[in-house]
Structure formats: structure tokens, C-alpha cells
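Enquirer: fold the following.
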Amino acid sequence: MLAWHGTAKRIETRPDVMLGKPVIRGTRIPVELILRRISEGSSEDALLLSYPNLTREDIRAAVAFAADEIAHIEDLDLPESA
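Expert: Numbering: from 1, shown residues only. All right, here's what the predicted structure looks like:
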């Protein structure tokens, strides 16, 4: 179940699109790409300029989707803090 109501309407997975990775519905823009660009410092405005078919709601849905996925992982294999 998806926690944020807009996620299910904006994110899809289809085996014939991007090897079944989660993408913004109706596009070939993977959720992973959006998250990587954000992690590299891209703003919403920069993403919207780079991907004209993308909306602010799509970007927020991608982040919410990732948060929902992480929330269901019981054991993250992260390095220990020093």
C-alpha cells in the first residue's frame, strides 16, 4: 500500500518500460534518475527544465515512492558510523 495518495497515480512499473523499473507514469523517466539528480543537488526547477514532461507533483511522488519503499525494508545494509 502506498502512503501518499498521489504516488499510485504518478508512478508505474511495466516490464516493457525501462526493464520494469519504477518510472513516472506515461514516461520513460525512472524514479531512480530523479532521486540521483536530487542527491547531486538539482532543484525542482532544474529537473523541470531538463525534463519538460515532468511536473512538481511527479518529483514529489518519486521521493514519496522511495520513502515508502525504504520504510518497508527491515534490514538496511549500511556502514556503521565511526
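
Enquirer: show me which positions of stretch 11-27 end up buried.
Expert: 11, 17, 18, 22, 23, 24, 25 (16 or more other C-beta atoms under 10 Å). All C-beta spots, glycine's among them, are computed from the backbone N, C-alpha and C.

Enquirer: residue 64: which of these is nearest?
Expert: Among the buried residues of stretch 11-27, residue 11 lies closest to residue 64 (C-beta to C-beta), at 8.6 Å.

Enquirer: quick one, grab the pLDDT at the residue lying closest to the closest one once chain neighbours are set aside.
Expert: Once flanking residues are discounted, residue 11 sits nearest to residue 65: 4.8 Å by C-beta to C-beta, 6 or more residues apart in numbering. Reported pLDDT at residue 65 in the predicted model: 94.

Enquirer: and the gap between residue 65 and residue 79?
Expert: Using C-beta to C-beta, to the nearest Å, one obtains 25 Å as the distance from residue 65 to residue 79.

Enquirer: same question for residue 66.
Expert: 20 Å.

Enquirer: pull the distance from the top helix by length along the chain to the chain's centre.
Expert: Scanning the chain for the longest helix, with DSSP state H as the assignment, gives helix 56-71. Counting by C-alpha atoms, centre = their mean, to the nearest Å, helix 56-71 is centred 5 Å from the centre of its parent chain.

Enquirer: much appreciated, bye for now.
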